[in-house]
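Novice: Below: sequence and its predicted model.
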Amino acid sequence: MEKSDIRRKIKALRTMLSEEDKNSAAEEVFEQLEKTAAFLLADKILMYHSLPDELQTIAFLKKWSSPLEKGRAKGAGWMCRIAAPF
């Protein structure tokens, strides 16, 4: 099977998932991420705002980020500032 075929198949499977399933999967992924040494030791992390067919990142972004300071360019987005885990 070609890479493009695999991608089409995975995308089709993702569209069959309910919103609840998608959110649950995202929660599980980010819970695992939060336990990694790299995450625990980070001062800042780079994140992206997910597209509708991707693993949802908005809850994670809201949990760990704050809006950038006023005066920055419009659309500049969010900066994740990691709070100490302990």
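Specialist: Great, that's in hand.
Novice: For the helix or strand encompassing residue 59, C-alpha coordinates in PDB please.
Specialist: Element membership for residue 59 (DSSP states H and E) is helix 58-64. The C-alpha coordinates for helix 58-64 follow below in PDB (Å, rounded to 0.1, in the frame of the first residue of the first chain):
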ATOM      1  CA  ILE A  58      -7.700  23.800  21.700                       C
ATOM      2  CA  ALA A  59      -8.300  22.500  25.200                       C
ATOM      3  CA  PHE A  60      -4.500  21.900  25.700                       C
ATOM      4  CA  LEU A  61      -3.700  25.400  24.400                       C
ATOM      5  CA  LYS A  62      -6.200  26.900  26.800                       C
ATOM      6  CA  LYS A  63      -4.900  24.900  29.700                       C
ATOM      7  CA  TRP A  64      -1.200  25.800  29.200                       C
END
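Novice: Buried residues in it, which are they?
Specialist: Of the residues in helix 58-64, those buried by neighbour count under the rule 16 or more other C-beta atoms under 10 Å are 60, 61, 64. Yep, even glycine has a C-beta here, placed from its N, CA and C like the rest.
Novice: what's it packed up against?
Specialist: Using 3 or more C-beta pairs under 8 Å, 6 or more residues apart in numbering; DSSP states H and E as the contact criterion, the secondary-structure elements in contact with helix 58-64 are helix 19-34, strand 78-81.
Novice: let's go with 7 Å and repeat that
Specialist: Using 3 or more C-beta pairs under 7 Å, 6 or more residues apart in numbering; DSSP states H and E as the contact definition, helix 58-64 packs against no other helix or strand.
Novice: still on that earlier bit, can you tell me which of the buried residues of helix 58-64 is nearest residue 40?
Specialist: Using C-beta to C-beta, residue 64 is the member of the buried residues of helix 58-64 that sits closest to residue 40, with 12.3 Å.
Novice: measure that closest one to residue 7 for me?
Specialist: Counting by C-beta to C-beta, to the nearest Å, the separation of residue 64 from residue 7 is 29 Å.
Novice: list the contacts for the most centrally placed residue in the chain?
Specialist: By C-alpha atoms, centre = their mean, the mean C-alpha position of the chain lies nearest to residue 57, the distance being 3.0 Å. Contacts for residue 57 (C-beta atoms under 7 Å, 6 or more residues apart in numbering) come out as 47, 48, 49, 50.
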